[in-house]
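Colleague: Give me a 3D structure for the following:
(one chain, ligands or ions: 2)
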Amino acid sequence: VKEKLIHAEKYHLIGQLAASISHEIRNPLTISRGFMQMMRKPSLEESEIQRYVALSLEGIDQANSIITDYLNFAKPNIDVCEPLDLNQEIRSALPFVSSLAALSNVEIVLQSREETPVIIMGDSKKLRQCLLNLTKNAIEAMPDGGRLTIETLKSHEGVELHVKDTGIGMFKDQLKSAGLPFYTTKEKGTGLGLMVVTSMLKTMNGRISFDSKPNQGTQCRIVFRQTGSSGKSASSSITM
Ligand code: ADP
Ligand code: MG
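Modeller: Ligands and ions are numbered 1, 2, ... in the order given. Next up is the predicted model:
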């Protein structure tokens with residue numbers, strides 16, 4: 001847990017995040033370019049051409065994934081802070097998620113335990129980026145279908161947003177490492193999604209924690225501490 005906190009601290013500056021983006025995107029693009037250059041060579045075998053094309057496309061896809069995880073919606077270094085209706089924000093982010101969910105046979109359930117609007121202070125674009133990264137992980141954890149539940153509520157700690165899936169879940173070690181820069185268990189993962197979520201949430205007074213069981217699913221809990229309310233979470237789960 002401590003290790004994770006140190007990493008989170010290290011990366012908490014959104015500015016630092018922005019600075020590393022160009023580097024991360026340039027790497028796979030450079031690789032793609034290299035393979036394209038090799039294709040210029042005369043008298044290549046058809047099989048070689050196909051291989052170079054596949055590798056070039058892979059590099060471009062990787063660059064694209066990094067952009068999706070980092071800055072699909074938000075400019076990381078610009079800070080906006082305004083009242084946001086959490087349920088409304090979730091509803092407006094949904095269209096970006098539902099096509100991915102449909103592809104994997106994932107049912108999406110929205111729930112609010114409150115009758116009145118659930119308000120947080122933050123940046124709508126950053127919140128949307130967080131929702132995208134978390135729901136994408138949830139859907140990716142359910143390749144054979146399942147249920148994605150997004151729930152909002154008010155508690156003594158503040159406003160809470162829960163993202164739950166019925167997917168593959170995580171082992172203890174995995175849970176400890178999730179959110180460290182470049183930690184991924186996916187063949188085409190970036191390992192940046194949760195790191196981005198953690199640092200963006202921080203600018204909105206939000207903290208994220210996970211509960212997960214292999215083969216049962218993962219529950220992600222975000223608490224937006226309202227200014228005025230205080231106290232630490234007594235949760236026994238991993239907090240990033
Ligand atoms: P990526 O999705 O590119 O792998 P992330 O930072 O979004 O990077 O996630 C890091 C890792 O955390 C994932 O590779 C996966 O092992 C684990 N993880 C995150 N969310 C979930 C989830 N909902 N269910 C299972 N594993 C998850
Ligand atoms: Mg991800």
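Colleague: how close does the residue in the chain that ligand 2 sits nearest to get to Asp69?
Modeller: Using C-beta to the ion, Gly193 is the residue of the chain that sits closest to ligand 2, at 2.9 Å. In short, each C-beta sits where N, CA and C put it, glycine included. Plainly put, Gly193 is 5 Å away from Asp69 if you go by C-beta to C-beta, to the nearest Å.
Colleague: shared neighbours of these two, anything?
Modeller: Asn133 (C-beta atoms under 8 Å, 6 or more residues apart in numbering).
Colleague: what helix or strand is the nearest residue to the residue of the chain closest to ligand 2 once chain neighbours are set aside on?
Modeller: Closest residue in space to Gly193, ignoring its immediate chain neighbours: Asn133 at 4.0 Å, by C-beta to C-beta, 6 or more residues apart in numbering. Using DSSP states H and E, Asn133 maps to helix 124-140.
Colleague: hmm, back to that, my read: the residue of the chain closest to ligand 2 touches Asn72, true?
Modeller: No. Gly193 is not in contact with Asn72 according to C-beta atoms under 8 Å; the separation is 10.6 Å.
Colleague: Between the two, which is the more surrounded one?
Modeller: The neighbour comparison of Gly193 against Asn72 (other C-beta atoms under 10 Å) goes to Gly193, with 26 against 15.
Colleague: Now do the contacts for the residue nearest to the spatial centre of the chain.
Modeller: By C-alpha atoms, centre = their mean, the mean C-alpha position of the chain lies nearest to Asn133, the distance being 2.5 Å. Taking C-beta under 8 Å, 6+ apart, we find Asn133 in contact with 69, 193-194, 196-197.
Colleague: Recalculate using a threshold of 10 Å.
Modeller: Going by C-beta atoms under 10 Å, 6 or more residues apart in numbering, Asn133 touches 68-70, 72, 190, 192-198, 200.
Colleague: Give the helix, strand or coil label for the residue sitting furthest away from the middle of the chain.
Modeller: Distance from the C-alpha centroid of the chain peaks at Ser43, with 44.2 Å (C-alpha atoms, centre = their mean). Classification of Ser43 using DSSP: H, G, I helix; E, B strand; the rest coil returns coil.
Colleague: same thing with the one 10 residues further on?
Modeller: Of the three states, Val53 takes helix under three-state DSSP.
Colleague: looking at it, it is touching Met39, isn't it?
Modeller: Yes. Counting by C-beta atoms under 10 Å, Met39 is a contact partner of Val53 at 7.3 Å.
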